[in-house]
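Participant: I'll drop the sequence and a predicted model, then ask my questions.
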Amino acid sequence: MTNYLISGVRVLDGEPTDLLLMDGRVAAVGDEARSAVNVERIDGDGLVALPGLVDLHTHLREPGREDAETVATGSRAAALGGYTAVCAMANTDPVADTAGVVEQVWRLGREAGLVDVRPVGAVTVGLAGERLAELGAMADSAAAVRIFSDDGHCVSDPRLMRRALEYVKAFDGVIAQHAEEPRLTVGALMHEGETSARLGLTGWPAVAEEAIIARDALLAGHVGARLHICHVSTAGSVDIIRWAKQRGVRITAEVTPHHLLLTDVRAESYDPVFKVNPPLRTDADVLALREALKDGTIDAVATDHAPHATEDKECEWAYARPGMLGLETALSIVLEVGGLTWDEVAERMSRTPARIAGLADHGVDPAPGAPANLTLVDPAARWQVDPGALASRSRNTPFAGMTLPGRVVATFLNGEPTVLDGKVMK
Ligand SMILES: NC(=O)N[C@@H](CC(=O)O)C(=O)O
Ligand SMILES: [Zn+2]
């Protein structure tokens, strides 16, 4: 294993220093690091070192829709985005509702070797919302599943949700809810509000999300189990989560980069790249989400990286699959939104998601003894998003053409570079 000396790099908001990576760990910092011999030198001047980013919400599409993304292509996108771990959602084909499928995804991640792929298990068989999946078997599998989610679908049956929470409590697992009361969103194509009224499109009302979050927060409080809310999108949801946390409910929440920046007026273009579940909301929602991310009511940024093949996305809005790419742009969007110190960026995009996912080797700041899972960012760089230049197999980024701040220069997974000079190593 090669040893790396990263010179003149700032760890988070600190002064320039030197990092020595040896045998998969940060072996030394500062003067002690500088005295190392037979090392490969990396010029860290002007760069910021962050603990490797951790994504709680990634769709890698394999097995089943390898035309949109594979574990390998999604892992490349993740590494280029500064990620060292991603949680792969269960809405694959077959659905990841058995030990066999979660182990398949886990093995594919290890074979790709660019990011720690942690499979999420389905809560219900086939994501159908009728019968609990084999949660224990998935938890006991080699994939050691701890997060269970029907993401893409809501676990809308309260009895099933309660039983799922009771089941995972035994091993301190988490139920990650895609909060969408399906009977309130039938035929919905975008946020229900002034824009949908003007466009004459059926809306996805904020209360469809908020009612499920309120119900599940009460259930999680009643059971005493951990509940995570996927892709929070409204100001009302933020209020409910804040209230639940004050009541001592073991609730955590994530927000996506697109819900921190974009609003429903994008739908006026009828460009289906802006169609997503939950939908883009209003300026007031964006502001509430930004405040909640800053004050910690929202614990983490999660990409909801949702690759779609061209034929599923570049078609009439009503028929287009919902979802947006996110891995390669997430950090730049968070920097574009602004308002966070590097320490807060690390907290929301690495430390806290790692804690929620139970990943002890990730979300550890680069310091002596820490696992060498880190990313080096050039904060002064600016780059233009070109869908055709992305590592993802799909092209459905809502940020096409935008010039964004911040560029990942290098990413290290267990001390080995997965990205160097902005190029992925595999
Ligand atoms: N977010 C989306 O619009 N789509 C996601 C599913 C989901 O996260 O709801 C997908 O898997 O495509
Ligand atoms: Zn979802």
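Facilitator: Good, I have the coordinates. Ligands and ions are numbered 1, 2, ... in the order given.

Participant: lowest-confidence helix or strand of the protein?
Facilitator: Across the helices and strands of the chain, mean pLDDT, DSSP states H and E gives its lowest value to helix 31-34, namely a mean of 93.

Participant: continuing past that helix, what's the next helix or strand?
Facilitator: Helices and strands here follow DSSP states H and E; after helix 31-34, the next one along the chain is strand 40-43.

Participant: now for that next one, which elements pack on it?
Facilitator: When contacts are defined as 3 or more CB pairs under 8 Å, 6 or more residues apart in numbering; DSSP states H and E, strand 40-43 sits against strand 4-11. (Each C-beta comes from the backbone N, C-alpha and C, glycine too.)

Participant: can you list contacts of the strand it packs on?
Facilitator: Strand 4-11 is contacted by residues 16-21, 29, 33-34, 36, 39-49, 342, 365-367, 376, 412, 415, 417 when judged by CB atoms under 8 Å, 6 or more residues apart in numbering.

Participant: for it, which positions count as buried?
Facilitator: Residues 4, 5, 6, 7, 9, 10, 11 are the ones in strand 4-11 that count as buried (16 or more other CB atoms under 10 Å).

Participant: now swap in stretch 155-170 and tell me
Facilitator: Using 16+ other CB under 10 Å as the test for burial, stretch 155-170 gives 155, 156, 160, 161, 162, 163, 164, 165, 167, 168, 169.

Participant: mind putting those residues into TSV with distance to residue 124?
Facilitator: Below are the buried residues of stretch 155-170 laid out as TSV (distance: CB to CB, whole Å):
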residue	distance to residue 124
155	6
156	10
160	7
161	10
162	13
163	10
164	8
165	13
167	12
168	13
169	17
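
Participant: contacting residues around residue 46?
Facilitator: With CB under 8 Å, 6+ apart, residue 46 has these contacts: 8, 378, 379, 380.

Participant: got the residues of this protein near ligand 2?
Facilitator: By CB under 5 Å from the ion, the residues of the chain that approach ligand 2 are 151, 178.

Participant: and residue 329, what pLDDT?
Facilitator: Per-residue pLDDT puts residue 329 at 99.

Participant: wait, I meant residue 1
Facilitator: Residue 1 carries a pLDDT value of 85.

Participant: just the helices in the stretch 301-426 of the chain please.
Facilitator: Taking DSSP state H, counting those that start in this stretch as the criterion, the stretch 301-426 of the chain carries its helices at 310-313, 330-337, 342-346, 352-357.

Participant: tell me the most buried of those helices?
Facilitator: Here the criterion is mean neighbour count by mean count of other CB atoms under 10 Å, and of the helices of the stretch 301-426 of the chain the winner is helix 352-357, at a mean of 24.

Participant: grab the nearest non-local neighbour of the closest residue to ligand 2 within the stretch 101-250 of the chain.
Facilitator: Here the residue of the stretch 101-250 of the chain nearest ligand 2 is residue 178; by CB to the ion that distance is 3.8 Å. Sequence neighbours aside, residue 151 is the residue nearest to residue 178 in space, at 4.5 Å (criterion: CB to CB, 6 or more residues apart in numbering).

Participant: just checking, residue 272 touches residue 311?
Facilitator: No: contact status for residue 272 versus residue 311: not in contact, 11.6 Å apart, counting by CB atoms under 8 Å.

Participant: would you map the helices across the stretch 151-300 of the chain?
Facilitator: Taking DSSP H, counting those that start in this stretch as the test, the helices found in the stretch 151-300 of the chain are 158-169, 194-199, 206-223, 235-246, 257-261, 283-295.

Participant: tell me how far the residue of the stretch 51-200 of the chain found nearest ligand 1 lies from residue 129.
Facilitator: Going by CB to the nearest ligand atom, ligand 1 is nearest to residue 152 of the stretch 51-200 of the chain, at 3.8 Å. Separation of residue 152 from residue 129 (CB to CB, to the nearest Å): 11 Å.

Participant: what does residue 155 give?
Facilitator: Distance from residue 155 to residue 129, by CB to CB: 6 Å.

Participant: make sure residue 259 is actually in contact with residue 286.
Facilitator: Yes: counting by CB under 8 Å, residue 259 does reach residue 286; the two are 7.1 Å apart.

Participant: of those two, give the one with the bigger neighbour count.
Facilitator: Set side by side, residue 259 and residue 286 show more neighbours around residue 259, with 25 against 20, by other CB atoms under 10 Å.

Participant: residues in contact with residue 376?
Facilitator: The neighbourhood of residue 376, defined by CB under 8 Å, 6+ apart, consists of 6, 9, 42, 44, 47, 48, 49, 50, 408, 409, 410, 411.

Participant: most neighbours of all the residues you listed, which one?
Facilitator: The most crowded member of the contacts of residue 376, judged by other CB under 10 Å, is residue 411 (30 neighbours).

Participant: start to end distance for stretch 49-67?
Facilitator: End-to-end distance for stretch 49-67: 34 Å, by CA to CA, to the nearest Å.

Participant: mean confidence score for it?
Facilitator: For stretch 49-67, mean pLDDT rounds to 98.

Participant: distance check, the residue of the stretch 101-250 of the chain closest to ligand 2 against residue 382.
Facilitator: 34 Å.

Participant: out of those two, which sits in the busier spot?
Facilitator: Between residue 178 and residue 382, counted using other CB under 10 Å, residue 178 has the larger neighbour count: 25 against 11.

Participant: coming back round to it: ok, of the contacts of strand 4-11, which come out buried?
Facilitator: Applying 16+ other CB under 10 Å to those, the neighbour count classes 17-21, 29, 33, 36, 39, 42, 44, 47-49, 342, 365-366, 376, 412, 415, 417 as buried.

Participant: which stretches of the stretch 301-426 of the chain have low pLDDT?
Facilitator: Low-confidence regions of the stretch 301-426 of the chain, defined by pLDDT under 70, are absent; no residue qualifies.

Participant: what does it have sitting close to ligand 1?
Facilitator: Applying CB under 6 Å from any ligand atom, one finds that the stretch 301-426 of the chain approaches ligand 1 through 304, 306, 322, 323.
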